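# with the sequence up front, the predicted model follows.
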Amino acid sequence: MRFPLHITTDMLKHQARQAMKGNRRYPFVMMLEPLWTCNLACIGCSPERHTGKLVDRLPVDVCLRAADDCGAPAVSICGGEPTVYPELPELIEGLIARKRHIYLCTNALLLDKRFFGKVPPHRRLTVNVHLDGMRATHDYVVDREGVFDHAIEMIKESKRRGYHTIVNTTIYKETDIDEVEELCALLTDLDIDGILLSPGYHYEKVERDIFLTRQDIETKFRRVLEFSPRFRIVSTPLFLEFAAGYRDYRCSPWSTVTFTPRGWKGPCYLIERNFTWDWDEFWNGTDWDYWESRQDERCANCKMHSGFEASVVMDLKKSPRDMVRLAAWNLT
């Protein structure tokens, strides 16, 4: 299966419970940023995500309370670099106790020193390593030589130790799609458990011209569609068709909510209009209708997976054919 059976069934149960409550909008994933401290300064990253001070990190109890408030079945621990977070083992233990599925989003530099041997493998824990291309490209994006080679070694070690391990790859304006295909082949040889491909997302505070227009995205993802059946890509085929311009969806910004060292960030992972520590204020005070419509100019070129994979799922009820197709894809 593309996703472990227990993750698939838990997500389906979550959707069923929300449907029974009559909820049209609800979180699928919580993006948890317990700190804005990082050991890299990647060229495509929002500045606060690598300039934060460690002393300003969130306490574990605040993180867990936020997870309780939003109720999302999956928690993506990001940042910053989560392996820098001193209380990471305690945080993961607390989330597992709450039966959350955890994706540890990491650049892999500190996995051997700060993670392996401190956090044991668990069926609810996935190690998600960020790789934006082969050696030269990835080291350019992260602005440091040697990071690609270390990440590959950490992927091998993660698999050897029994962690469910995937890779997240962001495709930018200058990304060579042939190189992405080469990366997928390399990762397949390493028996990777999944590859997530997403168009480069434009943080408001990043001024560098590395992001894609909608036409750029569609051109590149038509190539991705050609080779995607050969690899264990966990971006759904319906999302890839959307990215390639063959489908259209409204955004689902409410499906992926973000908790940061400044509290809940609205309206979405990329755009910060407001910060608040109060869940109800964030959830009920955000104009979801407006942000779903994609009429804001900042949404014009966005096809980020966190805003649209949930839209794929929510629209399945309109097409039994798509529902069968997605179920068959997940079983391969």
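Ah, there it is.

# I'd like to check what contacts the strand or helix carrying Asp139. Which residues are they?
If you go by DSSP states H and E, Asp139 is part of helix 135-141. For helix 135-141, the external contacting residues (Cβ atoms under 8 Å, 6 or more residues apart in numbering) are 42-44, 131-133, 145-149, 151, 172, 175-176, 179. For the C-beta atoms, the positions are set from N, CA and C on the backbone; glycine is no exception.

# and those residues, which is closest to Leu196?
Leu131 (10.4 Å; Cβ to Cβ).

# which residues touch the closest one?
If you count contacts by Cβ under 8 Å, 6+ apart, then Leu131 has His138, Phe148, Ala151, Val167, Asn168, Thr169, Leu183, Leu187 around it.

# do you know how far it is from Pro82?
Relative to Pro82, Leu131 is positioned 16 Å away (Cβ to Cβ, to the nearest Å).

# next: Ile233.
24 Å.

# do Thr188 as well
26 Å.

# which one's more surrounded, the two?
Pro82 (25 against 13; other Cβ atoms under 10 Å).

# hang on, the earlier thing: need the contacts of Leu131 in TSV with secondary structure, can you?
Shown next, in TSV, are those (DSSP: H, G, I helix; E, B strand; the rest coil):
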residue	secondary structure
His138	helix
Phe148	helix
Ala151	helix
Val167	strand
Asn168	strand
Thr169	strand
Leu183	helix
Leu187	helix
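
# can I get the residues you listed in a markdown table with neighbour count, pLDDT and distance to Val62?
Shown next, in a markdown table, are the contacts of Leu131 (neighbours: other Cβ atoms under 10 Å; pLDDT from 0 to 100; distance: Cβ to Cβ, whole Å):
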| residue | neighbour count | pLDDT | distance to Val62 |
| --- | --- | --- | --- |
| His138 | 23 | 95 | 33 |
| Phe148 | 23 | 98 | 34 |
| Ala151 | 23 | 98 | 30 |
| Val167 | 26 | 98 | 30 |
| Asn168 | 22 | 96 | 26 |
| Thr169 | 21 | 96 | 31 |
| Leu183 | 23 | 98 | 37 |
| Leu187 | 23 | 98 | 35 |
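
# of these, closest to Pro34?
Nearest to Pro34, judged by Cβ to Cβ, of the contacts of Leu131 is Asn168 at 18.3 Å.

# mind listing the residues bridging to that closest one?
His130, Leu196 (DSSP bridges).

# that one contacts Ala151, correct?
No - in this structure, Asn168 is not within contact of Ala151 by Cβ atoms under 8 Å, at 11.3 Å.

# and for those two, which residues touch both?
Shared contacts of Asn168 and Ala151, counting by Cβ under 8 Å, 6+ apart, come down to Val129, His130, Leu131.

# can you tell me which of those residues is nearest Arg273?
Nearest member of the shared contacts of Asn168 and Ala151 to Arg273, counting by Cβ to Cβ, is His130, at 26.2 Å.

# any idea of the pLDDT on that closest one?
Per-residue pLDDT puts His130 at 96.

# the chain should start at 730 in everything you say after this.
Yes, from this point I'll number from 730; that puts the last item at His859.

# so it touches Thr835, yeah?
Yes - the criterion here is Cβ under 8 Å, and His859 meets it with Thr835 at 7.1 Å.

# can you give me the helices in the stretch 780-929 of the chain?
For the stretch 780-929 of the chain, the helices defined by DSSP state H, counting those that start in this stretch cover 789-799, 817-826, 864-870, 876-890, 906-918.

# of all those, which lies closest to Leu741?
Set against Leu741 and scored by Cβ to Cβ, these come closest in helix 789-799, at 18.7 Å.

# which sections of the stretch 780-929 of the chain are below the confidence cut-off?
Applying pLDDT under 70 to the stretch 780-929 of the chain flags residues 780.

# rerun at 90
780-781, 808, 901-904, 929 (pLDDT under 90).

# measure Arg943 to Arg951 for me?
From Arg943 over to Arg951 (counting by Cβ to Cβ), the distance is 13 Å.

# list residues touching both of these two?
Gly974.

# what sits closest to Cys980 if chain neighbours are left out?
Using Cβ to Cβ, 6 or more residues apart in numbering and skipping residues adjacent in sequence, the residue nearest Cys980 is Gly1036, 4.5 Å away.

# the one you found reaches Val986, doesn't it?
No - contact criterion Cβ under 8 Å: Gly1036 and Val986 do not qualify, at 11.7 Å.

# other residues contacting the strand or helix carrying Val953?
Using DSSP H and E, Val953 falls within helix 943-956. If you take Cβ under 8 Å, 6+ apart as the criterion, helix 943-956 is touched by 900, 902, 904, 906, 909-910, 913, 926, 928, 941, 966, 969-970, 972-974, 1029-1030, 1032.
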